[in-house]
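**Q** Let me see the structure of the following:
(chains A and B)
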Amino acid sequence: MVVCNFFLQGRCRYGERCWNEHPRGGGRGGGGGGGQQHSRGEGGFGNRVWVNPSQQKGGSYIQPSYFPSQGRNSWGGGGGGGGSGDGGGRRDNVKSSDFSFSTQNRFASLDASKSFADRGGRGGTAAEDDDSKKLEMIQMDMDVWESSGQWGFSCYSIAKLPLSGFPDLSPEELRLEYYSKSASGDLQTYMNGVNQLLSQWKSRIQELKSMNPNTRAALLAELNGAGPQGSSGGFGGPPEFGSVTSGFGSKDFGSPAPAQTGSFGFPEKRPEFGFTSAPVFGAPFGSSTPQTPSGFGAPAQPSASTFSFASSSTNKPAGSSGFGSASGFSFSSAGSSTGGFGNAGAAAAPAFPQTSGGFGATPGSEAQSGSLFSSESQLTPEELDQFKAKRFTLGQIPLKPPPENLLVLR
Amino acid sequence: MSLFGTASSFGTGGTGVFGTTTTDSHNPMKDVEVTSPPDDSISCLAFSPPTMPGNFLIAGSWANDVRCWEVQDNGQTVPKAQQMHTGPVLDVCWSDDGSKVFTASCDKTAKMWDLNSNQAMQIAQHDGPIKAIHWIKAPNYSCVMTGSWDKTLKFWDTRSPTPMMSLQMPERCYCADVVYPMAVVATAERGLIVYQLENQPSEFRRIDSPLKHQHRCVAIFKDKQNKPTGFALGSIEGRVSAFILFLFISRDHVDLIVNAIAFHPVHGTLATVGSDGRFSFWDKDARTKLKTSEQLDQPITACCFNHNGNIFAYASSYDWSKGHEYYNPQKKNYIFLRNAAEELKPRNKKW
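**A** Numbering: from 1, shown residues only, chains lettered A, B, ... in the order given. Take a look at the predicted model:
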């Protein structure tokens, strides 16, 4: 039978009546930390749980020992990551350790300590419970999305607005890109672009799944306020998310790149990233040695085809430090020199419209030569205005990094 | 995405798989195969309207062509004509009198193809590829509506090079459907806009999408009086949700990506096709699935019903759902025809 996707996300409206399969106890004992990840309340049942933790019973509370049956080697990394940062109203986790679910117990203490620590910091109000639920849902959705092999280049949202960091790209647009590139003999640009999109997607998913406090805070701000996060107009500075487009926070960026005319103009600029220009990008398409797929549980696909989303080998810009490495989490450490610019990778993305819609536009050749920020003299007045403004205007996002003094760090 | 590769029979590189597997699964349903199918993926299918005698099928493809077949009652298909664009064709539609076919393409133009004379002339121009094209027949006007990736929705009187009207959309148009007086457009970033077409097209309402991911296809359904009452929206997460006068039911779908939705003109039941190579028939009112096909070895990219609902056509070709490495230009594309009169009867009640 087909496994019910809604059930996996904890919101199957049909419950017992559902035509699809609701796997129960599927991985109770096995599979590592998978269970604990899902032990966060599910959206639908979450309500009951939150309000009356005392009423939790082992049976009625659908323990997510059900994680999807695909192999999930990510749990090694992801599970630990998942344990962290899920504070705010986690009190039931402590309780659930009372129920002897083996998978949970393993992590219950981890959760408990984390949760209390976080709670201390946050004060656990009802609103936060709501938020936590949302965040959990996001996490679960990320899991499903990642493991289901669905189309990755899609926007995503659980509320009205799309969540940042997920550019919406239809298969047709991508295909058109491919056709035009192959007609012009320029497939490498296409590959690079695709690889980059892939790595962006993966890292964003990783981020959302592991939900560290920075991501969490930013997400919540976005969900609730939808204002530009952190660096107001500061570009690329924000260690907060580190995720590619979301550095700007404003939901304008949810809809990035291939805005105008469907041409992406895959990134060829910003040499400082080191990953844009083909040679540095390193991994020639498809032939890179398969690193252990960091979390897509796609054992069958060692040969790193980019679109498999499986292999992390695609984001292997050997030269550039730390960006898009397999764990996908290098962003939060804005310390790495080009790592901080991981964001700008996305800025390069939204900047496409600027490049006169040309495909694979030539490198912007603002030879920044590795300096992180531009001096004001290097920027045109329009660019300066953009940086100074609260939000970027799509289509006018500067290609150059912002001047240091404009950066507002949280 | 290649996770999918474990399950499916296709996607293992594609080369040479066709015909060499033990079970040739390109047509597991044993449906009638249309002769001379296009050479590249089929993006859209459309049957002729009831005003014309006989059934004619139009298919647009990524090989830049639009082909027309006559479908005879015994199931034979006779290729009739073909027109070319300079870019892949993304959508086709018929005029209401069945004399003209409108084709929309990635070359940013739309053409009107007069079948009698076999001439095609350009009638529309956009700044980006045109993803959706529909003919609108209102009591006081008729025009062609084109939705494009340049975020505009334009309405064309076919005689003039400038549009009658141009409406701005928040994002790129991904799919649209028209049943007078309602038009629904789904855009990127989960945009969903309903337009009303009386007197002149205007935006009626923007709806928050219930689906979490990218919109892929939309189809309006009608009640017995042929008035539009709601629409079904499919997304890449494999889910189709149906809006009935803004009340919605969401139904999970097995397909990986729902590529197209079509409503049976008589029974009001719907068909969905997806990237896992299956099509399914659903009764949206009883919320039941009437049938799922066997899995074809390629994704199904387009489908449509003929005007009286007897024939269901679906196209089997690659939809790019797994990126370019699964694209095999040598693999043959198919269009299949299936007798749809019986299978799509609603389960409980007559529609």
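
**Q** Show the model's pLDDT score for B:Cys44.
**A** Per-residue confidence at B:Cys44 stands at 90 (pLDDT).

**Q** swap that for A:Arg106, sorry
**A** Looking at A:Arg106, the pLDDT reads 39.

**Q** before we move on, what about A:Asn52?
**A** Predicted confidence (pLDDT) for A:Asn52: 39.

**Q** Spell out which parts of the stretch 101-250 of chain B neighbour chain A.
**A** B:106, B:127-129, B:131, B:149-151, B:171-172, B:174, B:188-190, B:208, B:212-214, B:216, B:235-239 (CB under 8 Å from any CB of the partner chain). Heads up, the C-betas are built off the backbone N, CA and C, glycines and all.

**Q** Which ones among those residues map onto strands?
**A** B:131, B:174, B:216, B:235, B:239 (DSSP state E).

**Q** Surely the first one touches B:Leu90?
**A** It refers to B:Lys131. Yes: counting by CB atoms under 8 Å, B:Leu90 is a contact partner of B:Lys131 at 5.2 Å.

**Q** got any residues that touch both of these two?
**A** Here B:Lys131 and B:Leu90 have A:172, B:104 as joint contacts, going by CB atoms under 8 Å, 6 or more residues apart in numbering or on different chains.

**Q** what bits of the chain have low per-residue confidence?
**A** With no chain named, the answer covers chain A. Low-confidence segments of chain A, defined by pLDDT under 70: A:24-129, A:148-150, A:158-162, A:223, A:225-379, A:389-390, A:393, A:396, A:404, A:406-410.

**Q** wrong one, I was asking about chain B
**A** Along chain B, the parts satisfying pLDDT under 70 run over B:1-25, B:238-257, B:284-288, B:346-351.

**Q** and if we set it to 50?
**A** B:1-23, B:244-255, B:349-351 (pLDDT under 50).

**Q** Could you pull up phi and psi at whichever residue of it sits closest to chain A?
**A** Per CB to the nearest CB, B:Gly323 is where chain B lies closest to chain A, at 2.5 Å. Note on B:Gly323: backbone dihedrals following degrees, to the nearest 10 are phi 80, psi -180.

**Q** Please tell me how far it sits from A:Asp186.
**A** Using CB to CB, to the nearest Å, B:Gly323 is found at 17 Å from A:Asp186.

**Q** what's the spacing between the residue of chain B closest to chain A and B:Asp96?
**A** Taking CB to CB, one finds B:Gly323 at 39 Å from B:Asp96.

**Q** So for these two, which sits in the more crowded spot?
**A** More crowded of B:Gly323 and B:Asp96, by other CB atoms under 10 Å in any protein chain shown: B:Gly323, with 23 against 15.

**Q** from what I can see that one touches A:Arg175, true?
**A** No: between B:Gly323 and A:Arg175 no contact is recorded; they are 9.2 Å apart, counting by CB under 8 Å.

**Q** returning to that earlier point: among the residues of the stretch 101-250 of chain B next to chain A, which ones are buried?
**A** B:106, B:128-129, B:131, B:149-151, B:171-172, B:174, B:188-190, B:212-214, B:216, B:235-239 (16 or more other CB atoms under 10 Å in any protein chain shown).

**Q** Stretch B:325-332 and chain A, any residue contact?
**A** Yes: applying CB under 8 Å from any CB, one finds stretch B:325-332 in contact with chain A at B:325-327.

**Q** What separates the first and last residues of that stretch, distance-wise?
**A** 16 Å (CA to CA, to the nearest Å).

**Q** again with stretch B:74-93
**A** 24 Å.

**Q** Would you mind giving the domain segments of chain A?
**A** A:127-224, A:378-409 (the TED database).

**Q** ok, now which ones touch the nearest residue to B:Pro50 once chain neighbours are set aside?
**A** Closest residue in space to B:Pro50, ignoring its immediate chain neighbours: B:His307 at 4.0 Å, by CB to CB, 6 or more residues apart in numbering or on different chains. Taking CB under 8 Å, 6+ apart as the contact definition, B:His307 lies against B:47-50, B:55, B:265.

**Q** List just the nearest of those to A:Trp19.
**A** The shortest approach to A:Trp19 among the contacts of B:His307 belongs to B:Pro265, at 26.6 Å (CB to CB).

**Q** Please tell me I have it right and that closest one contacts B:Gly309.
**A** Yes: B:Pro265 lies in contact with B:Gly309 (CB under 8 Å); the separation is 4.9 Å.

**Q** which residues of chain B fall in helices?
**A** Per DSSP state H, chain B carries no helices over any range.

**Q** Next, work out how far apart A:Ala183 and A:Leu197 are.
**A** A:Ala183 is 21 Å from A:Leu197, by CB to CB.

**Q** These two: which is more packed in?
**A** Ranked by neighbour count (other CB under 10 Å), A:Ala183 and A:Leu197 place A:Leu197 first, with 25 against 9.

**Q** Checking my notes, the more buried one in a helix, right?
**A** Yes: judged by DSSP: H, G, I helix; E, B strand; the rest coil, A:Leu197 forms part of a helix.

**Q** Hmm, A:Ser154 and it touching each other?
**A** No: if you go by CB under 8 Å, A:Leu197 and A:Ser154 don't touch, sitting 11.3 Å apart.

**Q** Overlap in contacts, those two.
**A** A:Leu169.

**Q** tell me the contacts of B:Ser36?
**A** B:67, B:69, B:79.

**Q** nearest residue to the last one other than its sequence neighbours?
**A** For B:Pro79, ignoring the flanking residues on the chain, the nearest one in space by CB to CB, 6+ apart is B:Ser36 at 4.6 Å.

**Q** Ramachandran coordinates for that neighbour?
**A** According to degrees, to the nearest 10, B:Ser36 has phi 50, psi 60.
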